[in-house]
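>>> just the structure for this:
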Amino acid sequence: MTLEPKRVCDSQVVLSQLVQLTDANPMGYGHGGVIMRLVDEAGGIAATKHASLPAVTVAIDSMSFFSPAYVGNQITLRASLNYVGRTSMEVGIRVEAEDVLTGETTHTNTAYCVYVALGPDGKPAPVPPLIDETEEERRRMEEAKHRQQIRLKERQKEQ
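Predicted structure coming up:
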């Protein structure tokens with residue numbers, strides 16, 4: 001069975017929400033764990049859209065925080081597929097915080113997450129190839145291929 005390739009833009013996701021008091025620590029900063037949950041949610045939706053199958057998290061490869069999100073900020077998460085293998089997909093997620101009073105926006109963090117599509121039997125299932133249409137998408141795909149090679153080497157060391 002040959003799967004029809006899909007474009008990066010076909011599965012992109014944008015999630016946005018206000019940072020509430022229940023999302024923050026006593027200093028008024030959004031909890032990293034809350035942001036991590038939203039990152040995983042956005043990435044999982046993008047992977048599921050691409051695969052047209054349920055997708056589960058295999059790894060959160062890297063998550064770097066550059067600046068905080070504060071209570072009252074609107075955080076926006078943008079998720080895009082960077083790379084697909086046979087059953088796995090790397091999704092890059094960028095998070096920005098906007099002060100809704102001033103409009104000032106900061107890049108709070110970036111994450112790379114890996115998901116695997118699951119078939120009806122609950123086992124890994126093939127995913128469609130990814131079409132890169134722009135120089136930016138080609139660059140992201142090459143960088144993701146490199147990260148995948150590193151992941152595979154690390155996995156071999158662990159076995």
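>>> now the host helix or strand of Val114: how far from the chain's centre is it?
When elements are assigned from DSSP states H and E, Val114 belongs to strand 105-117. If you compare the mean C-alpha spot of strand 105-117 with that of the full chain, they lie 4 Å apart, counting by CA atoms, centre = their mean, to the nearest Å.
>>> ok, stretch 88-98 next?
Stretch 88-98 has its C-alpha centroid displaced from the chain centroid by 4 Å (CA atoms, centre = their mean).
>>> again, but for stretch 2-22
8 Å.
>>> cool, stretch 152-159 as well?
Taking CA atoms, centre = their mean, the mean C-alpha location of stretch 152-159 is offset from the chain mean by 23 Å.
>>> can you check stretch 64-74 too?
On CA atoms, centre = their mean, the centre of stretch 64-74 falls 17 Å from that of its chain.
>>> repeat for stretch 26-34
Taking CA atoms, centre = their mean, one finds stretch 26-34 lying 20 Å from the centre of the chain it belongs to.
>>> can you show me the strands along the chain?
Along the chain, the stretches classed as strands by DSSP state E are 6-7, 13-18, 55-65, 73-84, 88-99, 105-117, 130-131.
>>> to Lys49, which of those lies closest?
The closest approach between Lys49 and any of these, judged by CB to CB, belongs to strand 13-18 at 7.1 Å. To be clear about C-beta, it is placed using only N, CA and C from the backbone, and glycine gets the same treatment.
>>> relative orientation of the closest one and strand 88-99 in degrees?
Using axes from the mean of the first three to the mean of the last three CA atoms, to 10 degrees, the direction of strand 13-18 lies 30 degrees away from that of strand 88-99.
>>> okay, now the unreliable bits of this protein?
Within the chain, the stretches with pLDDT under 70 are 1.
>>> before we move on, the earlier item: out of the strands of the chain, which comes closest to Glu143?
Where the strands of the chain are weighed against each other on CB to CB, the nearest is strand 73-84, at 7.2 Å.
>>> tell me which strands that closest one pairs with, and in which orientation.
Sheet partners assigned to strand 73-84 using DSSP bridges are listed as strand 13-18 (antiparallel), strand 88-99 (antiparallel).
>>> which among those strands is found nearest to Gln149?
Of all the strands paired with strand 73-84, the one in closest proximity to Gln149, counting by CB to CB, is strand 88-99 (11.7 Å).
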